[in-house]
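**Q** here's a sequence, model it:
(2 chains)
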Amino acid sequence: MSSFVHRCYRFACLLLLVTLTACSAKPNLSVNAQKPSVPLPNEQGAQPLLFEYSDPFEGFNRRVYYFNAKADEYVVLPVVNGYKAVTPDFVETGVSNFFSNLGEISTFINALLQFKGSVAAETFGRFALNSTLGLAGLFDIATPVGLDKQNEDLGQTLGYWGVGPGPYLVLPFIGPSNVRDGFSSVVDLVAYDAAVSELGLKNDEELFLSFLRSINARNELPFRYYESGSAFEYDQMKVLYMKYRELQIKR
Amino acid sequence: MSNKVSLFQQLLFITLLLFTLQACQSSPQFLFSDEEEKLCEIEYSKYQATVTGYCQEPLADLVQDLPREEKSLEIRPIETIPEVFWFNREFQYSFVKQPNKAPLIFVIAGTGAKHDSAKMISLQKVLYAQGYHVIALSSPTFANFIVNATTKDDIPGYLAKDAETLYEVMQKTYQQVKTEEEIEVSHFELTGYSLGGAHSAFVSFLDEKEKVFNFKNVLLINPPVSLYSSASILDGYLDLANDRENVTKMFNRVFDKFAESYNLQETSEFNSSNIYKLFKHANLSEEELKLLIGTSFRVSSADMLFAIDATYNVGAVIYRNHDIGKFESVTHSMKRAYNVTFLDYFEKGMVPWAKEQDSSKTRAQLIFDFSLRSLDSYLRRSEKISMVTNADDIILAKGELAYLQDVFGDRAKVFERGGHCGNIDRVNFVHYLKQQFKGGN
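**A** Numbering: from 1, shown residues only, chains lettered A, B, ... in the order given. Sure thing, here's the model as predicted:
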């Protein structure tokens, strides 16, 4: 990746650290505001439900959630739609397969780190088959022959080894995460970076590749901010993310 | 990042599992779009059919490409919409256009559902294939509807008042598509599922007086007979206020069952047939399926409650006299709202509100008003209104199925199985729909 992107990312991380705890999500109440008439369950001494997670970075998280929604609306989705408009379907599929194939490397390593032999073997088989007969990953011929795509990442590996998720965290552009998975995303990014520099591409070619990868990633994600129309979407996404990661780590 | 992507996709499937699949509510349409759906091997029950759909019967063959357009309309002035609903500034609906002169049909969604919920999309596909222009409307209990269209004279769930609001909205949306899309309309028809079915009956009744549309044909799909009794049934599936400890244990058990079932799967990916396998292996008990249905219903009613509260400064789950900022935490409101049943809303919201309008109204009268029974004679004599439901629809209390059959006579169609709306996209049901809606041919 170009040094410019690197510098941006380092700056973003710094900004994240500074702002994480600085913003508040508490209501700024005026004098004549009245307390809600329906009591809070824990005011009645009730235990929290399974879908309650503490959220010390809530002020930061809600701002980034809003930022992501706006970035999606004004920048990301228009670019993605442009991409879809100019590329034929088979090219889109090829691009998607290509990046999915690159992702197998990380899946493979993380499967090994969790002693999941069969997952690692299956992933290795997929990578070998798709990288060769699948023309550098442009075609996915492994799935039809019964080698299923697996899902492992560094966050899951850390979870497997007992590292807790830490508080919920919403990352710019990427979206829902937590401290453990956020850290893992950064490591994944650096690793991907290193892998790509092995390809010996020019700076602008690397930049193009990162760009394409991001567009492809967003294109594959059918999620639209506030499509649910619910004022509680932030809270629901938090529960879903945290629960889903628990489910994955248990697997 | 590719891991991230599939993770997100899968997250959305979990959304489906835990929150939105059940009880005729909104579930995103893309979920079953790209995978060929197979029949499931889950043991049938009316609760299962309500949660996963009646997957023991084949899916109907529906059009692949629906030329659906999302449209929006300013009804209430944008600046009066609370900041916390910044994403709901404008009334949203779907429109499907026919190339030539054709009948136009309005479709009304069920409780808490959006105009593009899976069930709504399925209905739109059938009606489009039958040659109709379609205007699909979110339920008057959906936040976007409440925030934009509900007037001070209406409280969501008061069927006759909702009908007035809907009638206004129908005229406005029709005007918009007529001007912008230059469509030619031969005549009007109307349908809706679940609560939208009951709404359709009341809108049709109003139309007899107002005569703006003169609906030629009206179909009520899986309607409740009494809003009060249906809400009591669904509320009963999730008793957080009195039985919180037990409910919490049950949530954990359901989660563990899904986790275990997910472990058994060879692939970590989700698609429709995997979802069925997940349910098959999880082998949820009747109580657990009810919990999912009850949760889904509560999630919808919590959204509704918050939208009413924020729009009219009621102060039930929000601070009264306080404008909620767009970055402000509303988690506390959500927690409060999840403990409020629909019946609480009825007793503490709707009854006092109705008494303020007309102090002579008793509670019993209101329960009667919020039911199809208040339209009894109209429904009996109106040849243009038909009704379709399932013999095992969970929202019907004892005796209500017989009542529907009595009222609609040979205009009633009852399928043996399907739970609540579980068969809406299945072969036999769609075949029936096509018999009912021939206006475009």
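**Q** state the mean pLDDT of stretch B:156-168.
**A** When pLDDT is averaged over stretch B:156-168, the result is 94.
**Q** now swap in stretch B:182-201 and tell me
**A** On average, stretch B:182-201 scores 97.
**Q** likewise for stretch B:243-261?
**A** On average, stretch B:243-261 scores 84.
**Q** what's the burial count for whichever residue of the stretch 51-200 of chain B sits closest to chain A?
**A** Using CB to the nearest CB, residue B:87 is the residue of the stretch 51-200 of chain B that sits closest to chain A, at 3.9 Å. C-beta: built from backbone N, CA, C; applies to glycine. Using other CB atoms under 10 Å in any protein chain shown, the number of residues around residue B:87 comes to 21.
**Q** that's a helix at it, yeah?
**A** Yes. Membership of residue B:87 in a helix is supported by DSSP: H, G, I helix; E, B strand; the rest coil.
**Q** is it true that it touches residue A:224?
**A** No. Contact criterion CB atoms under 8 Å: residue B:87 and residue A:224 do not qualify, at 10.4 Å.
**Q** which ones are touching residue 133?
**A** Because you didn't say which chain, this covers chain A. A:139, A:141 (CB atoms under 8 Å, 6 or more residues apart in numbering or on different chains).
**Q** not quite, I wanted chain B
**A** So residue B:133 contacts B:95-98, B:102-105, B:177, B:183, B:185 (CB under 8 Å, 6+ apart).
**Q** any idea how far apart the tips of stretch B:306-326 sit?
**A** Taking CA to CA, to the nearest Å, stretch B:306-326 runs 14 Å from one end to the other.
**Q** and stretch B:217-228, by the same measure?
**A** 27 Å.
**Q** now swap in stretch A:134-146 and tell me
**A** Stretch A:134-146: ends 15 Å apart by CA to CA.
**Q** residues in contact with that stretch: which ones?
**A** With contact meaning CB under 8 Å, 6+ apart, stretch A:134-146 is reached by A:94, A:97-102, A:125-126, A:129-131, A:133, A:149.
**Q** now with 6 Å?
**A** With CB atoms under 6 Å, 6 or more residues apart in numbering or on different chains as the contact definition, stretch A:134-146 has outside contacts at A:94, A:97-98, A:101, A:126, A:129-131, A:133.
**Q** does the longest helix seen in chain A come close to chain B?
**A** Longest helix in chain A, counting residues (DSSP state H): helix A:89-113. Yes. Contact between helix A:89-113 and chain B is present through A:99-100, A:103 (criterion: CB under 6 Å from any CB of the partner chain).
**Q** contacts only, for the residue of the stretch 51-200 of chain B closest to chain A.
**A** residue A:226.
**Q** model confidence score at residue B:237, please.
**A** Residue B:237 carries a pLDDT value of 93.
**Q** wait, I meant residue A:38
**A** 85.
**Q** list the contacts for it?
**A** Residue A:38 neighbours (CB under 6 Å, 6+ apart): B:316-317, B:336, B:340.
**Q** which residues in the stretch 151-300 of chain B form helices?
**A** B:159-181, B:195-210, B:227-236, B:240-264, B:272-282, B:286-312 (DSSP state H, counting those that start in this stretch).
**Q** let me fix that: the stretch 1-150 of chain B
**A** Going by DSSP H, counting those that start in this stretch, the stretch 1-150 of chain B shows helices at B:2-15, B:46-52, B:118-129, B:143-149.
**Q** mean pLDDT lowest where, among those helices?
**A** Averaging pLDDT over each of the helices of the stretch 1-150 of chain B puts helix B:2-15 lowest, since it has a mean of 44.
**Q** give me the subset of the contacts of residue A:38 touching chain A.
**A** Applying CB under 6 Å from any CB to the contacts of residue A:38, those adjacent to chain A are B:316-317, B:336, B:340.
**Q** whichever of the residues you listed end up buried, select them in PyMOL.
**A** Listed next is the PyMOL selection for buried residues among those, using 16 or more other CB atoms under 10 Å in any protein chain shown:
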select buried, chain B and resi 316+317+336+340
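**Q** what is the nearest of the ones next to chain A among the contacts of residue A:38 to chain A?
**A** For those, the minimum distance to chain A (CB to the nearest CB) is 4.3 Å, reached by residue B:336.
**Q** what separation do you get for that closest one and residue B:316?
**A** 8 Å (CB to CB, to the nearest Å).
**Q** can you check residue B:121 too?
**A** Counting by CB to CB - residue B:121 and residue B:316 are separated by 33 Å.
**Q** likewise for residue B:132?
**A** Distance from residue B:132 to residue B:316, by CB to CB: 40 Å.
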